[in-house]
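Trainee: From the sequence below, what's the structure:
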Amino acid sequence: MANRKKAPDKRNNGATVGYESQLWLMADSLRGSMDAAEYKHVVLGLIFLKYISDAFEEYHAKLIDQKAQGADPEDPDEYRAHNIFWVPPEARWPHLKAQAKQPTIGRLVDDAMTGIERDNPSLKDVLPKDYARPALDKTRLGQLIDLISNIQVGDQDARSRDVLGRVYEYFLSQFASAEGKKGGEFYANPPFNISDWSGDRLRDDKRWRYGVPPTGNANFAWVQHMVHHLAPAGVAGFVLANGSMSSNQSGEGEIRKNLIEADLVDCMVAMPGQLFYSTQIPACLWFLARDRKNGKFRNRRGQVLFIDTRKLGRMVDRTHRELTDEDIARIARTYHAWRGEKGAGKFEDILGFCKSASLEEIHKHGYVLTPGRYVGAEVQEDDGEPFDRKMKRLTGELKSQFDDSEKLQEAIKKNMKGIGYEL
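Mentor: Purely as a prediction, here's the structure:
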């Protein structure tokens, strides 16, 4: 009988790609005596290079098949038209893999990084370029390249499951542990709750239009930095700690109030806990829009959408939760419908899940942006049991549990007395 491939689980959006821990153990075994803070850039730089190369090689193969129709696999514009980075020949992963055991591999990787930055201006001065340094063991570097060659992180399938993001997240959490740092310093896009951000030297920064952020927490520095750089019709979405929705410490409440009254806050999403590798705390999503009457969508001035997703998702192991594809689609569909996007359907408030609130309502709540305050409690289905009958049944069950508890206590006392310890 022919083997049948197991159908992919469409509920799995990639919260665990399955091999992060094994990949980490193998990569860490090649670290030797190198400091974790230094090794981090070596590993993550190579993984990103593999990501770029995977996407390039996949599309390169398609263009080769389309040469008869006029496609040119060596034309950089063919790739840029599809938001794929152009990878010059000296930077392509098969070339590096073939040279992985050569003593010049460090210089070859540096040349690859330099070539990618040269041909992709958006990556200029972003990639690490110090693989040729004498302190980096070239044998271990070659072994690391061989190891990373075994995973796909940038082809279409891997991108759809955010393999790069998950591997990065897992590795960063492990490096944070090895460096003795709090994993939370690495998360949140931007990283949230950073205390040592040199805020005392930026008190007069022009970005603080809505209030000077506290020196002990960079959350609202990040928020205002993004607002400052928004295009006239721009939209920004980012992750922050839940405290950003309600904190009134050190002027944060005033900054949040000013952002709301400036009609910049478009949508707030409360997320479930246990979505991250390094911390089980929940986070929230902020969506800001510079011009909420720009004509592309409906006029949303004076309103904020609140979505509470804390009950969504499923546990993929003992400590990690993921939002399923259906969950993500529901959240996105709700936001798109509320914005008035074509084909997104009609928006409706749903108790316990979503609510379109006015600025007047938000004012009454003290400018707190926690979705749970607005969406209300989910309607509980009536089980049909009359209230009096239910109360008699429940109180009877409670009395029985009390009786069992008393019996258990007496048994424990008797056993303790039997071994010489009377309670």
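Trainee: didn't residue 322 look like it was pressed against residue 312?
Mentor: No. Assessed by Cβ atoms under 8 Å, residue 322 is found out of contact with residue 312, at 9.9 Å. In short, each C-beta sits where N, CA and C put it, glycine included.
Trainee: Just want to know which of these two has more residues nearby.
Mentor: Neighbours per residue, other Cβ atoms under 10 Å: of residue 322 and residue 312, the larger number sits with residue 322, 23 against 19.
Trainee: Just read off the phi/psi values of that one.
Mentor: Main-chain torsions, residue 322, degrees, to the nearest 10: phi -130, psi 150.
Trainee: okay, it: pLDDT?
Mentor: pLDDT, residue 322: 87.
Trainee: Just grab the bridge partners of it for me.
Mentor: residue 314 (DSSP bridges).
Trainee: what's the spacing between it and residue 293?
Mentor: Going from residue 322 to residue 293 by Cβ to Cβ, to the nearest Å gives 36 Å.
Trainee: cool, residue 250 as well?
Mentor: Counting by Cβ to Cβ, the gap from residue 250 to residue 293 is 33 Å.
Trainee: ok, now residue 385?
Mentor: 50 Å.
Trainee: and what of residue 241?
Mentor: 30 Å.
Trainee: Give the residue from residue 385 and residue 293 that has the larger number of neighbours.
Mentor: Taking other Cβ under 10 Å, residue 385 and residue 293 do not tie; residue 293 has more neighbours (13 against 10).
Trainee: Now do the same contact list for that one.
Mentor: By Cβ atoms under 8 Å, 6 or more residues apart in numbering, the contact list for residue 293 reads 299-301.
Trainee: you'd agree residue 361 is up against residue 374?
Mentor: Yes. Contact criterion Cβ under 8 Å: residue 361 and residue 374 qualify, at 6.9 Å.
Trainee: More neighbours: which of the two?
Mentor: Neighbour count, other Cβ under 10 Å: between residue 361 and residue 374, residue 374 has more, with 22 against 15.
Trainee: is it true that that one touches residue 355?
Mentor: Yes. Because the distance of 4.5 Å satisfies Cβ under 8 Å, residue 374 is recorded as touching residue 355.
Trainee: Low-confidence stretches in the stretch 101-250 of the chain?
Mentor: Residues of the stretch 101-250 of the chain meeting the criterion pLDDT under 70: 179-187, 189-191.
Trainee: Enumerate the helices of it by residue range, in sequence order.
Mentor: 105-119, 138-148, 156-160, 163-179, 219-228 (DSSP state H, counting those that start in this stretch).
Trainee: For the nearest residue to residue 167 once chain neighbours are set aside, give its distance to residue 166.
Mentor: In this structure, residue 167 finds its nearest non-sequential neighbour in residue 20, 5.7 Å apart by Cβ to Cβ, 6 or more residues apart in numbering. From residue 20 across to residue 166, the span is 6 Å (Cβ to Cβ).
Trainee: shouldn't residue 63 be in contact with residue 81?
Mentor: No. Shown here, residue 63 and residue 81 do not form a contact pair, counting by Cβ under 8 Å, at 11.2 Å.
Trainee: The two: which has the busier surroundings?
Mentor: Using other Cβ under 10 Å, the more surrounded residue of residue 63 and residue 81 is residue 63, with 16 against 9.
Trainee: Report the contact partners of that one.
Mentor: 71-73, 78.
Trainee: For it, pull up the helix or strand it's in.
Mentor: helix 36-65 (DSSP states H and E).
Trainee: about what we covered before: would you convert the helices of the stretch 101-250 of the chain into TSV that also reports mean neighbour count?
Mentor: Shown next, in TSV, are the helices of the stretch 101-250 of the chain (neighbours: other Cβ atoms under 10 Å):
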stretch	mean neighbour count
helix 105-119	19
helix 138-148	18
helix 156-160	15
helix 163-179	20
helix 219-228	21
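Trainee: Would you reformat these as a markdown table and include distance to residue 40?
Mentor: Formatted as a markdown table, the helices of the stretch 101-250 of the chain follow (distance: least, Cβ to Cβ, whole Å):
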| stretch | distance to residue 40 |
| --- | --- |
| helix 105-119 | 16 |
| helix 138-148 | 13 |
| helix 156-160 | 21 |
| helix 163-179 | 4 |
| helix 219-228 | 22 |
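Trainee: Please report how far the residue nearest to residue 109 when sequence neighbours are not counted lies from residue 344.
Mentor: Nearest non-adjacent residue to residue 109, counting by Cβ to Cβ, 6+ apart: residue 131, 4.1 Å away. Separation of residue 131 from residue 344 (Cβ to Cβ): 47 Å.
Trainee: now residue 106
Mentor: In terms of Cβ to Cβ, residue 106 sits 51 Å off from residue 344.
Trainee: what do you get for residue 272?
Mentor: 24 Å.
Trainee: now do residue 208
Mentor: 36 Å.
Trainee: Check residue 150 too.
Mentor: Distance from residue 150 to residue 344, by Cβ to Cβ: 41 Å.
Trainee: which of these two has more neighbours?
Mentor: Using other Cβ under 10 Å as the criterion, residue 150 and residue 344 rank with residue 344 on top: 16 against 9.
Trainee: Many thanks, we can stop here.
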